[in-house]
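K.L.:
next come a sequence and a model predicted from it.
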Amino acid sequence: MVSYWGIKKIAVLLSILVFPSSGFYYYYVDTVTFAEIIGSSGNPTVDIFINLFDFDTGCTRHEINELSKKCQTWNRKMDRIMAIQDPVQRDRQHTELVAEMMRDPAFKKLTQKILGTGARSMKSILETLSSARGIGLF
């Protein structure tokens, strides 16, 4: 028969093992949806469209966190590039920045999902908008 202290030790051991592993799963394994990244806008119409076009990004919370840090740097670089007066040099710098961004695995994964989802669902989106306009929603 297991004593009260034995059960308590097992409970503590399970707690020590379960909580960190669930946190690890949540942050490093579980992927987020597009709506989770964007969040609520406060505008019901915009929220409907966000939820309508929602998809699994394939990126984990860790990847999104790292990507958000890199985006700040990329935005500063983009501002410097847009300030360049010479159009040839500006285009070359812009191409280099896009190439740098596409080398990032999380950014590449996210853009492929967004572009892939958009291309595949364009016909159904247009059909949905047409039928919504036909019944007087727009």
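P.N.:
In hand now; what should we look at?

K.L.:
give the next helix or strand downstream of the helix or strand containing Asn65.
P.N.:
Secondary-structure element containing Asn65, defined by DSSP states H and E: helix 61-82. Taking DSSP H and E as the definition, the helix or strand that follows helix 61-82 towards the C-terminus is helix 87-103.

K.L.:
packing partners for that following helix?
P.N.:
With contacts defined as 3 or more C-beta pairs under 8 Å, 6 or more residues apart in numbering; DSSP states H and E, the packing partners of helix 87-103 are helix 61-82, helix 105-134. (Each C-beta comes from the backbone N, C-alpha and C, glycine too.)

K.L.:
could you redo the last one with a cut-off of 6 Å?
P.N.:
On a contact count with 3 or more C-beta pairs under 6 Å, 6 or more residues apart in numbering; DSSP states H and E, helix 87-103 meets helix 61-82.

K.L.:
now the helix it packs on - C-alpha only, PDB.
P.N.:
Provided in PDB are the C-alpha atoms of helix 61-82 (Å, rounded to 0.1, in the frame of the first residue of the first chain):
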ATOM      1  CA  ARG A  61       5.100  31.100 -30.800                       C
ATOM      2  CA  HIS A  62       8.900  31.100 -30.500                       C
ATOM      3  CA  GLU A  63       9.300  31.600 -34.200                       C
ATOM      4  CA  ILE A  64       6.700  34.500 -34.200                       C
ATOM      5  CA  ASN A  65       8.500  36.100 -31.200                       C
ATOM      6  CA  GLU A  66      11.900  35.900 -33.000                       C
ATOM      7  CA  LEU A  67      10.300  37.200 -36.200                       C
ATOM      8  CA  SER A  68       8.800  40.200 -34.500                       C
ATOM      9  CA  LYS A  69      12.300  41.100 -33.200                       C
ATOM     10  CA  LYS A  70      13.700  40.900 -36.700                       C
ATOM     11  CA  CYS A  71      10.800  42.900 -38.200                       C
ATOM     12  CA  GLN A  72      11.900  45.900 -36.200                       C
ATOM     13  CA  THR A  73      15.300  45.800 -37.800                       C
ATOM     14  CA  TRP A  74      13.800  45.200 -41.200                       C
ATOM     15  CA  ASN A  75      11.500  48.100 -40.800                       C
ATOM     16  CA  ARG A  76      14.400  50.400 -40.000                       C
ATOM     17  CA  LYS A  77      16.300  49.100 -43.000                       C
ATOM     18  CA  MET A  78      13.200  49.700 -45.200                       C
ATOM     19  CA  ASP A  79      12.900  53.300 -44.000                       C
ATOM     20  CA  ARG A  80      16.600  53.900 -44.900                       C
ATOM     21  CA  ILE A  81      16.100  52.300 -48.300                       C
ATOM     22  CA  MET A  82      13.100  54.400 -49.100                       C
END
